[in-house]
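S.K.: Show me how the following folds:
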Amino acid sequence: MNLERAIFNNLLNNETYARKTIPFLKPEYFHSRNDKVVFELINSYVMEYNAFPTKEALLVDLNNRDNISEDQFKECKEIVEEIPNQPDQLSNVDWLVDQTEKFCQDKAIYNAIMQSIQVMDDKTGKLSKGSIPQLLSDALAVSFDTSIGHDFIEDAESRFEFYHRKEERLPFDIDYLNKITRGGLPRKTLNILLAGTGVGKTLAMCHFAASYTAAGKNVLYITMEMAEEKIAERIDANLLNVPLDELSVLPKESYDKKMTRLKEKTVGRLIVKEYPTSTAGAANFRHLLNELKIKKNFTPDVIFIDYLNICMSSRLKQGANVNSYTYIKAIAEELRGLAVEFNVPVISATQTTRSGFDSSDVGLTDTSESFGLPATADFMVALIATDELKALNQIMVKQLKNRYSDPEMYKRFVVGVDRPRMRLYDAEQSAQDDIVDDSPVYDKTPSGKQFDKEKFSGFK
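M.R.: Prediction:
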């Protein structure tokens, strides 16, 4: 008896085996057209009745099937009739489950290879070669996941180990950002900077991209607002320690020397990719990541997307029937899904509303277009730049949402900003004292007038 016949036998006669394997078996794993028809009959019965069929039920369903030839009907009928009325007594269930898992893995890899060949031979241009790594990756990932939930009592020990396991994070080069994220950004997360126009969203992202590159990380920076060269220029100003306005007059010899020293200091790689505004989304970024892996052997440790609101949704078509809340939320969900799929943190930005632009105490309600964005993000901070802060070359950072730590700890703090060099840095502790230890409460007026807390001391 070959494995396909053993699978059919135990699907009908061994419910323990059947319950473990039926969620993972697929018609395309059965390469014989007759075996595929028989499995489709079994699977359809299970999906409709949540039970496993008898031989008699299969023969009735087969007789009612009208999309097969007479010869195929006879061959399929023979397969069903040959199925014994009892499970194979010689086969251990665990062994048979393991063999079935190996069967599914082998068939999935074979199918992926055949699909890859079709992609390579395609002359129409409809099939992208960038999809080949994903096809093979999906095939290699086939496995029987036996986990059916976390048992609170039985899994207490593994839960304790989880509490004490050090999660891999990408640390910032800003002390207070590391404090509020407990050491940096975890992978598989969506992180958002909220700020008004001209406050410094792109500056902050360029700074973090430069710092991660200098730290030896691979960085992908996707820009939909500025040209690739403009983003690279800002990162040059940061890493080469040259004011932005002086890069255009920097002699070629000096530039080459600085780049040579930079190459000697870091092994990190930075790729900047430009897309036209509102013409690319998660599907395009997924294709880009696959292409980079094939053509440049480049796998990013962190992805920057500048910025979320001008991306395109890969699921929804923007138009009269889709409001901004739903559309922006869909984009956020797709980008977070991309972060999970490629095991990286994604950092992006969004604009404030018009009222939030003038506010010195930006809140979540000042998120433009969609409140679904902060609902989806794992981490969100506002960047605030008042005239007073600009005079001190500082930006205030306010926590809005934080799944990594207590958002009330260091609710507000300031960082220094060197705009000519597109750089952020730790401000002196004296600049933090009045902010961190006693966070002021501001109203929404342009001046950000502070409330008198004593007048409201009676409120509970």
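S.K.: just how off-centre is stretch 264-272 within its chain?
M.R.: 23 Å (C-alpha atoms, centre = their mean, to the nearest Å).
S.K.: Can you list the buried residues in it?
M.R.: Of the residues in stretch 264-272, those buried by neighbour count under the rule 16 or more other C-beta atoms under 10 Å are T266, G268, R269, L270, I271, V272. In short, each C-beta sits where N, CA and C put it, glycine included.
S.K.: Let me know the pLDDT of the closest residue to the first one other than its chain neighbours.
M.R.: The shortest distance from T266 to any residue that is not its chain neighbour, by C-beta to C-beta, 6 or more residues apart in numbering, is 5.2 Å, and that residue is A214. We note a pLDDT of 92 for A214 in this prediction.
S.K.: from the buried residues of stretch 264-272, which is closest to S370?
M.R.: V272 (27.0 Å; C-beta to C-beta).
S.K.: Was I right to think E341 contacts R286?
M.R.: Yes - with the criterion set as C-beta atoms under 8 Å, E341 and R286 qualify as a contacting pair; they are 7.3 Å apart.
S.K.: Comparing these two, which shows the higher neighbour count?
M.R.: Neighbours were tallied for E341 and for R286 using other C-beta atoms under 10 Å; the higher tally belongs to R286 (19 against 14).
S.K.: residues contacting T21?
M.R.: Contact criterion C-beta atoms under 8 Å, 6 or more residues apart in numbering gives I7, L11, V97, T100, E101, F144 as the residues in contact with T21.
S.K.: Same question for I384.
M.R.: A195, V199, S359, S360, D361, V362, I395, M396, V397, K398.
S.K.: quick check, M396 in a strand?
M.R.: Yes - using DSSP: H, G, I helix; E, B strand; the rest coil, the secondary structure at M396 is a strand.
S.K.: pLDDT wise, what is P440 at?
M.R.: In the predicted model, P440 carries a pLDDT score of 43.
S.K.: can you check A349 too?
M.R.: The per-residue pLDDT reported for A349 equals 93.
S.K.: Could you name the helices and strands sitting against the host helix or strand of H287?
M.R.: Taking DSSP states H and E as the definition, one finds H287 inside helix 282-295. With contacts defined as 3 or more C-beta pairs under 8 Å, 6 or more residues apart in numbering; DSSP states H and E, helix 282-295 has these neighbours: helix 132-140, strand 219-223, helix 324-342.
S.K.: Name the next helix or strand downstream of it, please.
M.R.: Downstream of helix 282-295, the first helix or strand assigned by DSSP H and E is strand 302-306.
S.K.: Keeping just the C-alphas, turn that following strand into PDB.
M.R.: Only the C-alpha atoms of strand 302-306 are listed here, as PDB (Å, rounded to 0.1, in the frame of the first residue of the first chain):
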ATOM      1  CA  VAL A 302      14.800  47.600   9.700                       C
ATOM      2  CA  ILE A 303      12.500  49.300   7.100                       C
ATOM      3  CA  PHE A 304      11.700  53.000   6.900                       C
ATOM      4  CA  ILE A 305       8.700  54.200   4.900                       C
ATOM      5  CA  ASP A 306       8.400  57.900   4.300                       C
END
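S.K.: That one vs helix 282-295, what angle?
M.R.: In terms of direction (axes from the mean of the first three to the mean of the last three C-alpha atoms, to 10 degrees), strand 302-306 departs from helix 282-295 by 130 degrees.
S.K.: Just want the angle from strand 302-306 to strand 219-223.
M.R.: Going by the same axes, to 10 degrees, strand 302-306 makes 10 degrees with strand 219-223.
S.K.: Do I have it right that T100 meets F8?
M.R.: No - because the distance of 11.3 Å does not satisfy C-beta under 8 Å, T100 is recorded as not touching F8.
S.K.: how close does I132 get to L338?
M.R.: As defined by C-beta to C-beta, to the nearest Å, I132 lies at a distance of 19 Å from L338.
S.K.: repeat for T353
M.R.: The value you get for T353 to L338, if C-beta to C-beta is used, is 26 Å.
S.K.: what do you get for F30?
M.R.: 33 Å.
S.K.: Just the residues contacting stretch 231-242, thanks.
M.R.: Residues outside stretch 231-242 that contact it (C-beta under 8 Å, 6+ apart) are 202-203, 206-207, 209-210, 213-214, 221, 223, 243-244, 247, 250, 255, 258-259, 262, 270, 272, 274, 306, 420-423.
S.K.: let's see it at 7 Å
M.R.: 206-207, 209-210, 214, 221, 223, 243-244, 247, 250, 258, 262, 270, 272, 421-423 (C-beta atoms under 7 Å, 6 or more residues apart in numbering).
S.K.: Can you list the buried residues in that stretch?
M.R.: If you call a residue buried by 16+ other C-beta under 10 Å, then stretch 231-242 has these buried ones: I231, A232, E233, R234, I235, D236, A237, N238, L239, L240, V242.
S.K.: picking up where we left off before, now the helix holding H287: buried residues?
M.R.: If you call a residue buried by 16+ other C-beta under 10 Å, then helix 282-295 has these buried ones: A282, N284, F285, R286, H287, L288, L289, N290, E291, L292, K293.
S.K.: Quick one: the strands in the stretch 51-200 of the chain, in order.
M.R.: 169-170, 185-186, 189-195 (DSSP state E, counting those that start in this stretch).
S.K.: Can you list the helices and strands that the top helix by length along the chain packs against?
M.R.: Longest helix in the chain, counting residues (DSSP state H): helix 93-121. Other elements packing on helix 93-121 under the criterion 3 or more C-beta pairs under 7 Å, 6 or more residues apart in numbering; DSSP states H and E are helix 3-13, helix 15-21, helix 132-140.
S.K.: most packed of the ones you listed?
M.R.: Neighbour counts averaged per stretch over those are highest for helix 3-13, at a mean of 21; criterion: mean count of other C-beta atoms under 10 Å.
S.K.: packing partners for that helix?
M.R.: Applying 3+ C-beta pairs under 7 Å, 6+ apart, one finds that helix 3-13 contacts helix 15-21, helix 33-49, helix 93-121.
S.K.: Now do the longest one: distance to the chain's middle.
M.R.: Taking the mean of its C-alpha atoms, helix 93-121 sits 26 Å from the chain's own mean (C-alpha atoms, centre = their mean).
S.K.: Please state the mean pLDDT value computed over it.
M.R.: If you average the per-residue pLDDT over helix 93-121, you get 88.
S.K.: Check stretch 82-90 too.
M.R.: For stretch 82-90, the per-residue pLDDT values average out at 72.
S.K.: Same check on stretch 379-390?
M.R.: For stretch 379-390, the mean confidence score works out to 90.
S.K.: contacting residues for R261?
M.R.: Shown here is R261, which makes no contacts under the criterion C-beta under 7 Å, 6+ apart.
S.K.: er, I305 I mean
M.R.: I222, C311, L335, V346, S348.
S.K.: The same query, at a cut-off of 8 Å, please.
M.R.: I305 makes contact with I222, M224, F285, C311, L335, V346, I347, S348, according to C-beta under 8 Å, 6+ apart.
S.K.: again, but for G125
M.R.: Contacts for G125 were tallied using C-beta under 8 Å, 6+ apart; there are none.
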